[in-house]
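K.L.:
My questions are about this predicted structure, shown below with the sequence.
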Amino acid sequence: MTFQYCFLAVGLVASAFFCALLGAVPTQANDIVLAFTGLLSSERLSGIALIVAELRFPRLILAMLTGGGLAICGLVLQKLTRNPLADPFLFGLSAGASSGAVACIVFNISIIGIFSLPAFAFCGAMLAQFMLHALTNQNQWHPERVVLSGLIVNSLFSAITGFLIFSGDQRTAQSVLFWLMGGLGLAKWAVIPIITLVVACCYVVIHSQRRSIDRLMTGDELAASMGVNVQRTRKGLFLVVALLTATLVAWTGTIGFVGLIIPNIVNRLGIYRIEHQLPICFLFGAIFLVWADAGARVLLQPQELPISMITSAVGAFVCLTLIVSRKL
């Protein structure tokens with residue numbers, strides 16, 4: 001598997017370098033190198049190098065973290081529910097974050113400056129997670145019950161979001177719509193360490209439970225006979241996924257299909273053990289979202305498309321291909 005890891009890592013670096021060249025301002029390769037060396041040496045930058053260092057680099061890193069994070073969230077959820085159609089937004093987390101963000105925009109709340117919108121989105125997502133936990137907090141945890149509860153929570157928060165939009169100022173509708181469709185416009189160096197820490201911690205926790213996850217795939221009874229605390233493992237991992245999804249959605253809005261299609265593509269490659277799937281899903285997801293963001297930035301220059309338009313179009317095509325080939 002080392003070759004696959006190295007190949008994808010090189011692909012990610014190459015994708016990031018090439019996508020850093022794309023944008024409304026024409027950029028040369030030496031501008032990328034100058035911006036990178038300037039950041040390492042803390043030199044004062046100007047012109048195009050400053051644009052690359054302060055705008056494009058944080059955006060690329062956020063795209064990598066978000067794409068990789070959503071991909072591993074989808075992978076874990078598909079393992080826990082044994083459902084290839086499970087993804088982070090099936091369980092109401094995205095709808096909860098949307099309600100929090102829309103409330104912040106409609107009521108013009110700026111208590112903590114630029115962090116207000118992500119903070120409200122995060123609180124909304126975690127509220128959705130607590131509601132989902134309350135609905136599924138029974139003696140027996142069933143994947144079907146969790147999916148149904150997720151649909152209930154998603155419908156409730158979608159209704160709240162719709163009410164907030166129509167009851168607020170119509171001038172805010174455009175910014176609300178753009179956030180709901182996802183974007184990386186909030187990418188700044190100040191937020192990268194926070195998101196990196198959350199993604200890294202969640203990845204480590206999920207990786208530490210890799211054997212339990214593989215055993216759960218054999219069935220609850222067999223997993224329990226192999227020493228897995230089925231209920232506690234499922235609930236704990238679901239909480240980790242909820243935390244990671246809430247953090248990512250809080251900064252990027254709702255970006256669909258990443259957590260659905262990437263794990264299914266990795267499964268088609270014949271990789272089934274989660275200790276190998278985790279890094280490959282993360283790298284695949286990062287590469288995918290880096291290119292999706294590049295497409296969102298350049299297709300209608302100087303305007304920027306919501307990134308979910310790109311991911312949904314690609315995701316729909318991939319899902320259609322898998323259905324036609326009877327692999328989904």
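P.N.:
Arrived safely.

K.L.:
Grab the most central residue of this protein for me.
P.N.:
In the chain, the residue lying closest to the centroid (CA atoms, centre = their mean) is Leu70, at 3.2 Å.

K.L.:
does it belong to a helix or a strand, and which?
P.N.:
When elements are assigned from DSSP states H and E, Leu70 belongs to helix 57-81.

K.L.:
Show the average pLDDT along that helix.
P.N.:
For helix 57-81, mean pLDDT rounds to 94.

K.L.:
returning to that earlier point: the residue nearest to the centre of the chain contacts Thr247, doesn't it?
P.N.:
No - using CB atoms under 8 Å as the test, Leu70 is too far from Thr247 to be in contact (10.8 Å). In this view, the C-beta of every residue, glycine as well, is placed from N, C-alpha and C.

K.L.:
State the phi and psi torsions of Gly92.
P.N.:
Dihedral angles of Gly92 (phi, psi; degrees, to the nearest 10) stand at phi 90, psi 0.

K.L.:
Could you say which helix or strand holds the residue nearest to it when sequence neighbours are not counted?
P.N.:
Nearest residue to Gly92, sequence neighbours excluded (CB to CB, 6 or more residues apart in numbering): Val153, at 3.2 Å. Element membership for Val153, per DSSP H and E: helix 143-167.

K.L.:
List the buried residues in that helix.
P.N.:
Going by neighbour count (16 or more other CB atoms under 10 Å), the buried part of helix 143-167 is 143, 146-147, 149-150, 153-154, 156-158, 160-161, 164-165.

K.L.:
which two from those end up farthest apart in space?
P.N.:
With CB to CB as the measure, no two of the buried residues of helix 143-167 lie farther apart than Pro143 and Ile165, at 32.5 Å.

K.L.:
so after the helix or strand bottoming out on mean pLDDT in the chain, what's the next helix or strand?
P.N.:
One helix or strand of the chain scores below all others by mean pLDDT, DSSP states H and E: helix 173-180, with a mean of 74. Going down the chain from helix 173-180, the next helix or strand is helix 192-208, by DSSP H and E.

K.L.:
got a list of contacts for that following helix?
P.N.:
The set of residues external to helix 192-208 that reach it, using CB atoms under 8 Å, 6 or more residues apart in numbering, is 58, 61-62, 65-66, 68-69, 72, 76, 213, 237, 240-241, 243-244, 247-248, 251, 275, 278, 282.

K.L.:
got any ranges where this structure has weak pLDDT?
P.N.:
Along the chain, segments meeting pLDDT under 70 span 1, 137-141, 143, 170-171, 326-328.
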